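Enquirer: Test case, fold it:
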Amino acid sequence: MVGIFRHSIRLLSAFALAVLLVACSGGGGLSAGFNAFQSPDGRYGFLYPTGWTQVSVSGGPKVVFHDLINSDETLSLVISEVGNDVDLEQLGSPEAVGERLMNQVIAPEGTGRTVDLVEARQREESNHIFYDLEYSLHLQDRDRHELATVVVDRGYLYTLATSTNEIRWGKMEKIFERVITSFRFLI
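Expert: Prediction:
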């Protein structure tokens with residue numbers, strides 16, 4: 001009888017482990033097709049599309065991923081110090097922050113780029129205010145589309161941005177939306 005009980009416990013444990021592994025690997029639900037990234041210090045995390053790889057960029061964004069097949073599809077995280085007494089709403093409305101990023105970072109004067117702020121909206125998640133921004137970029141040789149989210153935490157501005165060429169935008173829009181809205185502070 002004890003042997004049957006142990007065998008049943010092992011089977012139940014194996015089943016529970018299998019279910020847990022499938023859930024954690026994105027085998028179902030809202031995470032299907034995504035992998036989880038967590039910062040080395042455990043401070044923040046987000047989802048990124050399966051099949052994308054992390055690359056190192058010196059002097060650039062803190063984190064960069066790109067699609068292995070469509071290498072011009074990218075995800076980047078830039079972290080900038082803003083001061084401990086600053087919150088996102090003090091930097092301006094979603095539209096004002098979106099315009100500032102557009103003019104100072106995405107398409108500053110002299111780059112030959114033009115950009116339109118398509119949409120700017122505010123949302124609240126886990127006691128943080130986020131501004132979600134959508135841009136249409138016009139480069140000299142192609143058009144691109146970008147979704148970004150910005151949030152302030154403990155004196156730092158986090159900007160998580162995804163980008164693709166305009167031709168693939170229709171296919172990537174929902175995926176990018178899932179990526180930017182997955183950004184969370186873990187501690």
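Enquirer: Please verify my assumption that Ile175 contacts Pro49.
Expert: Yes. Counting by CB atoms under 8 Å, Pro49 is a contact partner of Ile175 at 5.8 Å. Every C-beta, even on glycine, is put in place using the N, C-alpha and C of the backbone.
Enquirer: ok so Glu177 is a helix residue?
Expert: Yes. The assignment for Glu177, made by DSSP: H, G, I helix; E, B strand; the rest coil, places it in a helix.
Enquirer: Can you tell me how far it is from Asp153?
Expert: The gap separating Glu177 from Asp153 is 21 Å, by CB to CB, to the nearest Å.
Enquirer: Please apply the same query to Ile180.
Expert: Taking CB to CB, one finds Ile180 at 16 Å from Asp153.
Enquirer: same check, this time on Asp72
Expert: In this structure, Asp72 lies at 30 Å from Asp153, with CB to CB as the measure.
Enquirer: Looking at the two now, which is surrounded by more residues?
Expert: A direct count of neighbours by other CB atoms under 10 Å for Asp72 and Asp153 places Asp153 higher, at 16 against 12.
Enquirer: so what's that one scoring on pLDDT?
Expert: The predicted structure scores Asp153 at 97 on the pLDDT scale.
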